[in-house]
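Asks: no letters, just coordinates:
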């Protein structure tokens, strides 16, 4: 009986060990390359100073209306870095394997696809936590803005933004697998397209009319609408939250499907030779 129980536990322990190994591998790469902290700490700090100072200028120029804009800018900056850092961390985690010509090595190990994703996802979560904490801390210290003032509604908003970041990253990784290094620009460019359409700092009603239906179809648009409502001191907009949750679920399922399909094509066509 004891031997049977140990046998059942052994695969689970091996899976957990492989997930931790992937996470540790990426942590060591980050720790031994100080310049990589630019994306983690320096760029987020620049964003916070930029949008925080714009908000402060608006508050001085327009009084109470400007103060509201400052809150939207700072809350949008903090929340944006949740999705941005998650997507960048997960996508560049895979790119590390291509840059180091380690893709073939991964395919020849007992490591399964979901274990690799779990390991890189855990690393991305840790990196995102460090970056977002730094942004929130700077917003509090420099502009007296406390992101926790959004209340408990911040929890589902953060969870949905993390899921959106993972979904975009999975799609981008799939495209890199299928089309090679030429698709790497999407790692940094994909969210740059999504950002203005999502109303991170403003309602999408201010967008040009032809773009509003596109914005309404994005789950991030509804997530940030929830964030703005909470920042303005309103109650939870349940309809927007429901739309955000449903859209995020569809986006995440689509990202997993796209990655799976691209990975099958990657193996069938022997595209691994690009990285060997």
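Replies: Looks like it came in fine. Just so you know, these numbers come straight off a predicted model, no measurement behind them.
Asks: correct me if wrong: residue 181 contacts residue 98.
Replies: Yes: if you go by CB atoms under 8 Å, residue 181 and residue 98 touch, sitting 6.9 Å apart. For every residue, glycine as well, the C-beta is placed using N, CA and C.
Asks: which one's more surrounded, those two?
Replies: Shown here are residue 181 and residue 98; by other CB atoms under 10 Å, residue 98 has more neighbours (17 against 12).
Asks: I'd say the more buried one and residue 177 touch.
Replies: No: look at residue 98 against residue 177 with CB under 8 Å: they stay out of range, at 9.1 Å.
Asks: other SSEs contacting the top helix by length along the chain?
Replies: In the chain, with assignment by DSSP state H, the single longest helix is helix 64-99. On a contact count with 3 or more CB pairs under 8 Å, 6 or more residues apart in numbering; DSSP states H and E, helix 64-99 meets helix 2-31, helix 43-62, helix 113-143, helix 154-179, helix 185-197, helix 219-231.
Asks: in that helix, what counts as buried?
Replies: 66, 68-95, 97-98 (16 or more other CB atoms under 10 Å).
Asks: coming back round to it: how about the helices and strands packed on helix 64-99, which one is nearest residue 211?
Replies: helix 185-197 (6.4 Å; CB to CB).
Asks: any idea how far that closest one is from the chain center?
Replies: 12 Å (CA atoms, centre = their mean, to the nearest Å).
Asks: and what of stretch 146-153?
Replies: 20 Å.
Asks: quick check: end-to-end length of it?
Replies: Separation of the first and last residues of stretch 146-153 by CA to CA, to the nearest Å is 14 Å.
Asks: contacts made by it with the rest, please.
Replies: In this structure, residues lying in contact with stretch 146-153 by CB atoms under 8 Å, 6 or more residues apart in numbering are 74-75, 78-79, 136, 139-140, 154, 157, 226-227, 230-231, 236.
Asks: rounded mean pLDDT for it, please.
Replies: Averaging pLDDT along stretch 146-153 yields 88.
Asks: buried stuff in it?
Replies: For stretch 146-153, by 16+ other CB under 10 Å, it's 147, 150, 153.
Asks: return the member of the residues you listed nearest to residue 258.
Replies: residue 153 (30.6 Å).
Asks: quick check, pLDDT for residue 62.
Replies: Confidence score, pLDDT, at residue 62: 66.
Asks: likewise for residue 276?
Replies: pLDDT at residue 276 comes out at 61.
Asks: ok, now residue 185?
Replies: pLDDT, read off for residue 185, is 85.
Asks: what's the answer for the one 3 residues further on, then?
Replies: Residue 188 is assigned a pLDDT of 83 by the prediction.
Asks: what does the one 5 residues further on give?
Replies: With respect to pLDDT, residue 193 scores 87.
Asks: hmm, back to that, closest one to residue 245 among the helices and strands packed on helix 64-99?
Replies: helix 154-179 (6.6 Å).
Asks: list the buried ones in that closest one?
Replies: For helix 154-179, by 16+ other CB under 10 Å, it's 154, 157-158, 160-178.
Asks: which non-adjacent residue is nearest residue 188?
Replies: Leaving aside its sequence neighbours, residue 188 sits nearest to residue 88 (CB to CB, 6 or more residues apart in numbering; 7.3 Å).
Asks: so where is the stretch 151-276 of the chain shaky, pLDDT-wise?
Replies: Flagging of the stretch 151-276 of the chain using pLDDT under 70 yields the residue ranges 273-276.
Asks: if I look at residue 124, what pLDDT would I see?
Replies: If you check residue 124, the pLDDT there is 89.
Asks: what's around it, how many residues?
Replies: Count around residue 124 with other CB under 10 Å applied: 26.
Asks: understood, closing this out.
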